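Q: Fold the following.
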Amino acid sequence: MGSFSLFHWIVVLAAVMLLFGTKRIPQAMGDIARGMKQFRSGLREEETPEVATAPVNRAPELPRDTVSRG
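A: Alright, predicted model coming up:
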């Protein structure tokens, strides 16, 4: 009880083939594989360090008066 026999897996496979057909299953597996490849490449892009750019020299900003004169 709790584990599936070979007969159960054959019945499940036959039901999936009847529901989805033989053309849609390979197409769906290809879509899954393509998504996994894109996910992995996205992870690799995050791991690569970004090229540091030279700091921009700006003049120091002077403090502004926030008290109104009246």
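Q: can you map out the helices along this protein?
A: With DSSP state H as the criterion, the chain has helices at 6-47.
Q: Spatially central, which residue of it would that be?
A: residue 39 (4.3 Å; C-alpha atoms, centre = their mean).
Q: quick one: it and residue 45, what's the gap?
A: Residue 39 sits 11 Å away from residue 45, going by C-beta to C-beta, to the nearest Å. (C-beta placed from N, C-alpha, C; glycine too.)
Q: And for residue 25?
A: 31 Å.
Q: quick one, which of those two is more surrounded?
A: Taking other C-beta atoms under 10 Å, residue 25 and residue 45 do not tie; residue 25 has more neighbours (13 against 9).
Q: Check the gap between the more buried one and residue 37 for me.
A: 19 Å.
Q: now swap in residue 31 and tell me
A: For residue 31, the distance to residue 37 equals 11 Å [C-beta to C-beta].
Q: how far is stretch 24-37 from where the chain is centred?
A: Here stretch 24-37 is found 14 Å from its chain centre; the criterion is C-alpha atoms, centre = their mean, to the nearest Å.
Q: buried sites along that stretch?
A: Across stretch 24-37, burial judged by 16 or more other C-beta atoms under 10 Å covers no residue at all.
Q: So for that stretch, mean pLDDT?
A: In this model, stretch 24-37 has a mean pLDDT of 90.
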